[in-house]
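**Q** Got a sequence here, can you build the structure:
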Amino acid sequence: MDADTMQAVRVERTGGPEVLDVQQVAVPEPGPGELLVKVSATGVNYIETYQREGIYPMDLPYTPGSEGAGEVVALGEGVTEFSEGDYVATAAGKGFYAEYAIVPAEAAVEVNVTLVEARIAAAAMLQGMTAHYLTHSTFPLKEGHTMLIHAAAGGVGLLVCQMAKMLGARVIGTAGSEEKAELAKGAGADEVILYREVDFAEEVRRLTDGEGVDVVYDSVGKDTFYKSLDCLKVRGTLVLFGASSGPVPPVDLQILNQKGGLYVTRPALGQYTRDREELLWRAGNVLSWIGNGTLDVRIGGTYPLSEARAAHEDLQGRRTTGKLLLLPEVN
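**A** Below you'll find the model as predicted:
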């Protein structure tokens, strides 16, 4: 590679989207066991808003972004599994809001660009593997199960709907508008509740003849937590995997007994990609399903690096559906 400097988004202080500042910085060098990747596309994820705000503390200054795809342009010492010119994708890279980023080789998955275009791979890694572990591992869905997914038209929601139908489950989703409801139905949702118009817990009870669902997948957090519990059947499971409305305050666990011996878990992707074998299994499933047309990834918006602030504003403003991408090459 010839470039010594690159454009990158830097965060020097915590705060709102205005702290995302595009700067010219030195291209990083890969250390032992690392790859330097010329970024084709970067996935924008809600966790990056928590990091930017200081909810999840980061060492300042830093360049956000862990998910993306691109071409390997340099290898760190000891890397033997990859070569320069390979295309890879990852959900555990470093500094992907930039033109070049570092990827630990153990966290990289090779992408066949003739099968899965790099931009789609960037959109699928974190959310695709999240949907995979939610539906296949945290609460393994099977035929006969009924589930509820909040934000069904979001990036993870659309993928969860599709995977749940692959596994034979009945899918109920929530959405904020008719447009989003139609997207969720297109992804396989059997029913979609417009949560701004009706009480979603009462509607779930109606749709399940008073019984409730086997599992709720909840990425909203504070605003939905207690009503999500009300949606569950006896011994049902609430999988809390995000907090877009804010973190859930401390909970008296006796409420789980009172509402039917319920289970609550708060997983994260890192716990479900703990070794390379598991990573390759999940990523391999997701990428192969995309490649053969079984799984559809919706790109909800693309932004140049210079508009990273707008991407965060749109994401937090719930103005988006599907996946948001930063595209360094369009600057």
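**Q** what's the burial count for Val160?
**A** By the other C-beta atoms under 10 Å criterion, the neighbourhood of Val160 contains 33 residues. Where you see a C-beta, it was placed from the backbone N, CA and C, and this is true even at glycine.
**Q** Kindly report the same for Pro247.
**A** Around Pro247 sit 12 other residues, with neighbours defined as other C-beta under 10 Å.
**Q** Check the chain for its longest strand and report it.
**A** Identified as the longest strand of the chain according to DSSP state E is strand 34-44.
**Q** tell me the contacts of the residue lying closest to Leu158 once chain neighbours are set aside?
**A** Take Leu158 and drop its neighbours on the chain: the residue closest to it by C-beta to C-beta, 6 or more residues apart in numbering is Ala187, 4.5 Å away. Ala187 makes contact with Ala152, Gly157, Leu158, Leu159, Cys161, Gln162, Asp296 under the criterion C-beta atoms under 8 Å, 6 or more residues apart in numbering.
**Q** And Thr5, by the same measure?
**A** Gln24, Val25, Ala26, Val27 are the contacts of Thr5 under C-beta under 8 Å, 6+ apart.
**Q** How confident is the prediction for the closest residue to the second one other than its chain neighbours, by pLDDT?
**A** Okay, so that is Val25. Taking C-beta to C-beta, 6+ apart as the measure, Val25 lies nearest to Ala8, with 4.9 Å between them; neighbours along the chain are not counted. According to the per-residue confidence, Ala8 scores 97 in pLDDT.
**Q** swap in Gly300?
**A** On the pLDDT scale, Gly300 is placed at 86.
**Q** contacting residues around it?
**A** Going by C-beta under 8 Å, 6+ apart, the list of residues near Gly300 reads Gly155, Thr320, Thr321, Gly322, Lys323, Leu324.
**Q** now do 10 Å
**A** Counting by C-beta atoms under 10 Å, 6 or more residues apart in numbering, Gly300 touches 44, 123, 153-155, 158, 183, 314-315, 319-325.
**Q** Tell me how far Gly300 lies from Val171.
**A** 20 Å (C-beta to C-beta, to the nearest Å).
**Q** same deal with Ala201?
**A** Taking C-beta to C-beta as the measure, Ala201 and Val171 are separated by 17 Å.
**Q** who has more neighbours, the two?
**A** Neighbours per residue (other C-beta under 10 Å) separate Ala201 from Val171, with Val171 holding more: 27 against 21.
**Q** picking up where we left off before, out of the contacts of Ala187, which are buried?
**A** If you count burial by 16 or more other C-beta atoms under 10 Å, the buried members of the contacts of Ala187 come out as Ala152, Gly157, Leu158, Leu159, Cys161, Gln162.
**Q** what helices or strands is whichever strand or helix holds the third one leaning on?
**A** Leu158 is part of helix 155-166 when elements are defined by DSSP states H and E. Contacts of helix 155-166 with other secondary structure elements, assessed using 3 or more C-beta pairs under 10 Å, 6 or more residues apart in numbering; DSSP states H and E, are made with helix 118-133, strand 146-149, strand 170-175, helix 178-186, strand 213-218, helix 276-291, strand 299-303, strand 323-326.
**Q** Make a markdown table out of those and add distance to Val192.
**A** Below are the helices and strands packed on helix 155-166 laid out as a markdown table (distance: least, C-beta to C-beta, whole Å):
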| stretch | distance to Val192 |
| --- | --- |
| helix 118-133 | 17 |
| strand 146-149 | 10 |
| strand 170-175 | 5 |
| helix 178-186 | 4 |
| strand 213-218 | 14 |
| helix 276-291 | 23 |
| strand 299-303 | 17 |
| strand 323-326 | 19 |
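**Q** Domains in the chain, by residue range?
**A** Domain segmentation of the chain under automatic domain parsing yields 5-125+273-330, 141-266.
**Q** hmm, back to that, just the angle for the helix or strand containing the residue nearest to Val25 relative to strand 34-44, thanks.
**A** Applying DSSP H and E as the criterion places Ala8 in strand 5-11. Using axes from the mean of the first three to the mean of the last three C-alpha atoms, to 10 degrees, the inter-axis angle of strand 5-11 relative to strand 34-44 is 50 degrees.
**Q** Mind listing what's buried along the helix or strand just after strand 5-11?
**A** Stepping forward along the backbone from strand 5-11, the first helix or strand reached (DSSP H and E) is strand 20-26. Of the residues in strand 20-26, those with enough neighbours to count as buried (16+ other C-beta under 10 Å) are Leu20, Val22, Val25.
**Q** can I assume Lys259 is in contact with Val234?
**A** Yes - look at Lys259 against Val234 with C-beta atoms under 10 Å: they come within range, at 8.7 Å.
**Q** which residues of the protein score low on pLDDT?
**A** When the per-residue scores of the chain are filtered using pLDDT under 70, the ranges that remain are 1-3, 114-115, 330-331.
**Q** separation between the residue nearest the centre of it and Arg298?
**A** Among the residues of the chain, Gln127 comes closest to the average C-alpha position under C-alpha atoms, centre = their mean, at 3.0 Å. Relative to Arg298, Gln127 is positioned 10 Å away (criterion: C-beta to C-beta).
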